[in-house]
Each structure stands twice: as structure tokens, then as C-alpha cells.
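Participant: With the sequence up front, the predicted model follows.
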Amino acid sequence: MKTVYMIWKREVRAFFGAFSCGFALAAFLAACGCTFGVLLRGNEGSVLQIQSLWGVSVALWLPVLSALLTTRLFSEERATGSIEMLMSAPVREREVVLGKFLSALTMVVLAMLVTLTVPLWILPRMSPHMQGGVSFLAFAAALLILLLQASVWCAAGTLISLFFSNQTAAAVCSLLLCCALPAAVYFAVMAWVPALRAEMAWMPLLVHVYDFSTGLFSAGFMMLYLATTLFFLFVCSKSLACLRLID
Amino acid sequence: MLEVEHITFSYGRRRVVDDVSFDIAPGEIVALTGSNGAGKTTLIKVLACLLMQDAGSVRLDDVDPLVRPIRYRRGIGYLSERCPLYDEMRVEEYITYRVRLKGERNLRIRRRVSDALEMCGLADVASERIRLLSQGYRKRVGLAEAVALRPKLLLLDDLLAGIDAGQRKKTAALLSAVSSRSAILVAGHELQELLPWCTRFLVMSQGRLVASLRSGEYDREELLRLLESHVAGAGAEGAEA
């Protein structure tokens, strides 16, 4: 665990010094803020709870943020050659992958916590209807499902970044995998499988956020997210080991 | 200490290292030389566990990197040809990070780092950001990191490139001191510079080991002439091929 912590710490510090990271975080916060505002205005007078609106507005942009943050994890190391120093050190591939993945997840969680200040702190001060304030606990369930989704996106992005030494190419590929692919599958199902249209009126990933935020927990979906994350991390670790075969 | 037996490595169909065997005893400083494309860097990468050989075996104190990779890698110090470092870090911070990553105990880390900084003449730039350093200083940082944990085997690829004459002498003195407890393999082309402090010379051509000359068996001029003729011959063969 010491090695994982060392790599995590170095990556988190590198994130704070990277322009691309600052840009991605700023864009994420702006996009989430706008989406939350639009959803809030559009659902005025509806029965939707504020934590659901917040959860959905964050979930929409989570894949984009994860893809942008994870691109530099391995691709930068491959471009500069510093991956050689990492691979020649007495560390296991899974420790390297875990340290880098957790650093990206940490940044995503920090960004999510920053967006929480809007419904928890700013809105109650600006809206006369929310003078009583909103409890952080009301958002805990939404935060949990967003964390699970973020872990999947970060694990996928970490894997993609391993295959490229060009960060732009890695970013484009991650965006395609994390955003375009789920959307394409969803719209393909909607178009070509009429039987599922009624059941999938909303995109499942957003439905999960809505369900969790209203207290409808599903252990099955939680396991699915965890298993997908572990799958991506496993493939990433094995791919890293395979670099020794193909240079 | 280091036993290399029948190592073969290919990039696709192109054989880059072909049936190379040699050994290095503790206290030896072995220079690996040859013309460009001879396979020196690839061989060093195989020894540093960055590439996996197609055939043959490597053993460091009877530890096979394919069987016990972590233990093997704990015993080596590696300086890459490109000397990649984390530019955003400061010199001392980087060496501390690497020493920690290599599993050194907390109590010893500070001493290891200060010793390495002192040995490589980096004490005055310890708090500088790596991105601000010249190529020569970057090489020194890479070397300090490689020698910090006193590894059993030091693998130094193109060590002298980018280092000025004064620093080359200091590097030679440093490696002579380090060689008392480590075996050292240095890849490079600077025969004149390597001659005074290397105990053996391995010449590679087209992936094969074509000569192994001990410096004690020849006088300096003769050894230099022999090495130059081997390297030139190897270069000519490579060009013809």
C-alpha cells in the first residue's frame, strides 16, 4: 500500500500543477452549474428532489471530466519516457495502476464536492423557499452512485491512456469510450429494440442516479459498477505488464 | 554476480540481440560499446526488465527476473539513455520519491538521499525544479537516483552523453567508488573517456557480442586501437548488412 500511496501522492500533486487538469475542472464546474440551473428552472414546481437534479446534472458531465483527467496518467509517462523508470523500479504493475487510478478518482471526487456547495450552501442563502437548508446526508446516496460511476469512467480512462503516448489521441479515445459509446448503445437499443423502449425511456446511467438519490438502492447495480471498474483495472495492469513484451 | 546466457531479442522479425552471453563480477566496470544500432540499448533494457527476452536467461545473484521480478529489480539501478525525470519535481524531492518507491526504510531515506546528492555534486541544486536543469545536471540527477540505494548492478545507458569534461572525470571517480560494492555496465561510444576506468570492454555488432577485452591485458594505446578496429569493423558490417 505504501507504493500505491507514493504514486497517488505524486499524481495528485502533478494534477494540481497541470494546466489541462485546471482547464478540465473549470469546464466541469461551469458545465455542471449551467446544467443544474437549467434543470432547476425546468423542474420548478415538480416533485423532483434537489439531490436528484444535482445528481443528474453531475452525472451528465462525469464521463467527460474523467476522460480529460485520466488522459495524462500513462500517456504523459510514455511520451516523456519516464514510464521506463517506473517499470524498472521494484513495484508491481497493479500498484502503479491503482495509484494512478485513485489519483484521478480523487480529483473527480473533489470536483463533485465543489459542485455540492451550490445546493448545500449557495442555494439556501439565495432562495427564500430553502431557508431551512438541505442536509448533506440527503446527498450521500447520490454521491455514492456518482462515485461508483466515476470509478468506472476513471478506470476506463486509465486503461485508454496506457495505449497512447499522445495525450490528445488518448483524450479523444477516452471521450469516445466514456461518452459516445454508452450514448450510441442507448440510442441503438431505442431505435432497433422496440420492446425495450418502454423500459428504457431514460438512459439507465441517469436512472441509476435518480433511483439512488431517492433512496432506491440496488446492490446488483453497485456490484456491476464495482465489477466493471475492477475489470478495467485488471486489463490495465495486464496491459502494462505486456509493454515489456512489445516495448 | 550477473550472468547473462544466450539472450535473444527481436522486434518483430528483426533480431536486435542475438545469442549474447557474458557475466560481470562485483567490482567490475564493464563498458558495452559498438556502432549505432548494434543492440546495446536493447540489451540494457532487457537487463533492466523493460523488455522481455525471446530466449536465454539473466541472473543476478541467482535471482531470475522472470521468476522473482521484484527482488531482481530491487537489486538494480538503471539510468536510461533519454534520462526521463518528473520535471515538476525538485531534485531532492524526486530522489526521495524514487528511493521511497524502491522500498527503502523510512529511517534511512534522508541519509541515502543526502549521500546521493553529495556524491553526484547536486547539493547546490537540491531545491531546484528539474525542468530548470541543463541536460548535464539531469543526467546527474538520474545517476544519483540510480546509485542512491547502492544496487548490486548498475545499468547506465549512454552515461557520458551531454556531460562536460570536468563532470566526466567526477563521474568516473564516482563510479570507481561505487564499483567496490556493485557491478557496473555502461553503454557508450566514448572510448577515450571509458578507457581509464572500465575494467572490461564488450563490443556489439548487429546484436552479437563480437569482442570482450580486458583492460589489464593490454596497454592503453593497444586497447584503444583494438577497440576502434572492432567498432569500425562492426560498423562496416552493419552498413553492408
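Facilitator: Great, that's in hand.
Participant: Where does pLDDT dip in the chain?
Facilitator: As the question left the chain open, I've gone with chain A. A:128-133, A:198-203, A:246-247 (pLDDT under 70).
Participant: Chain B is the one I meant
Facilitator: For chain B, residues meeting the criterion pLDDT under 70 lie at B:234-241.
Participant: Name the SS class of the closest residue to residue A:166 other than its chain neighbours, please.
Facilitator: Sequence neighbours aside, residue A:75 is the residue nearest to residue A:166 in space, at 6.5 Å (criterion: CB to CB, 6 or more residues apart in numbering or on different chains). C-beta here means a position set from N, CA and C on the backbone, and glycine is covered the same way. Assigned with DSSP: H, G, I helix; E, B strand; the rest coil, residue A:75 falls in the helix class.
Participant: so who does residue A:231 touch?
Facilitator: Going by CB atoms under 8 Å, 6 or more residues apart in numbering or on different chains, residue A:231 touches residue A:155.
Participant: can you do 7 Å?
Facilitator: Contact partners of residue A:231, counting by CB atoms under 7 Å, 6 or more residues apart in numbering or on different chains, are absent.
Participant: Show me what from chain A comes close to chain B.
Facilitator: A:3, A:6, A:10, A:14, A:17, A:80-82, A:84-85, A:87-92, A:244-245, A:247 (CB under 7 Å from any CB of the partner chain).
Participant: redo that, cut-off 6 Å
Facilitator: A:6, A:14, A:17, A:80-82, A:84, A:87-90, A:244-245, A:247 (CB under 6 Å from any CB of the partner chain).
Participant: Separate out the buried members of these.
Facilitator: Buried subset of those (neighbour count, 16 or more other CB atoms under 10 Å in any protein chain shown): A:6, A:14, A:80, A:82, A:84, A:87-90, A:244.
Participant: what's the farthest-apart pair in these?
Facilitator: Across those, the longest distance by CB to CB is 24.1 Å; it joins A:14 and A:244.
Participant: Residue B:32 against residue B:189, yeah?
Facilitator: No - between residue B:32 and residue B:189 there is no contact under CB atoms under 6 Å: 10.4 Å.
Participant: roughly how far apart are the nearest residue to residue B:200 once chain neighbours are set aside and chain A?
Facilitator: Spatial nearest neighbour of residue B:200, chain neighbours left out: residue B:30 (4.7 Å); criterion: CB to CB, 6+ apart. Between residue B:30 and chain A the computed distance is 19 Å (CB to the nearest CB, to the nearest Å).
Participant: So what are the sheet partners of the helix or strand containing residue B:30 and their directions?
Facilitator: Per DSSP states H and E: residue B:30 is located in strand B:29-34. Sheet pairing of strand B:29-34 (DSSP bridges) gives strand B:183-187 (parallel), strand B:200-205 (parallel).
Participant: And the first one, how far out from the chain middle?
Facilitator: For strand B:183-187, the distance from its own C-alpha centre to the chain's C-alpha centre is 4 Å (CA atoms, centre = their mean, to the nearest Å).
Participant: Quick test: name the residue nearest the centre of the chain.
Facilitator: All of this is about chain A. By CA atoms, centre = their mean, the mean C-alpha position of chain A lies nearest to residue A:150, the distance being 2.7 Å.
Participant: Can you look at chain B instead?
Facilitator: residue B:156 (1.7 Å).
Participant: Is it in contact with residue B:188, as I believe?
Facilitator: No - using CB under 6 Å, residue B:156 makes no contact with residue B:188, being 8.1 Å away.
Participant: Tabulate the strands paired with strand B:29-34 (a markdown table), appending distance to residue A:210 and mean neighbour count.
Facilitator: Output for the strands paired with strand B:29-34, formatted as a markdown table (distance: least, CB to CB, whole Å; neighbours: other CB atoms under 10 Å in any protein chain shown):
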| stretch | distance to residue A:210 | mean neighbour count |
| --- | --- | --- |
| strand B:183-187 | 60 | 25 |
| strand B:200-205 | 65 | 23 |
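Participant: Kindly reformat those as CSV containing distance to residue B:18.
Facilitator: Shown next, in CSV, are those (distance: least, CB to CB, whole Å):
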stretch, distance to residue B:18
strand B:183-187, 17
strand B:200-205, 10
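Participant: so who does residue A:59 touch?
Facilitator: A:206, A:209 (CB atoms under 6 Å, 6 or more residues apart in numbering or on different chains).
Participant: ok and the residue in chain B nearest chain A?
Facilitator: Proximity to chain A, evaluated over chain B using CB to the nearest CB, is greatest for residue B:84 at 3.7 Å.
Participant: neighbours of the residue nearest to residue B:200, just the number please.
Facilitator: 23 (other CB atoms under 10 Å in any protein chain shown).
Participant: Pull out the buried residues from stretch A:158-168.
Facilitator: Going by 16+ other CB under 10 Å, stretch A:158-168 has these buried residues: A:158-162, A:164-165, A:167.
Participant: Do you have the strands of chain B handy? List them.
Facilitator: Ranges of strands in chain B, per DSSP state E, are B:2-11, B:14-24, B:29-34, B:55-60, B:76-79, B:153-157, B:183-187, B:200-205, B:208-214.
Participant: Of those strands, give the one that comes closest to residue A:23.
Facilitator: From the strands of chain B, taking CB to CB, the stretch that ends up closest is strand B:76-79, at 34.5 Å.
Participant: For that closest one, which strands pair with it and how are they oriented?
Facilitator: When DSSP bridges is applied, strand B:76-79 pairs with strand B:153-157 (parallel).
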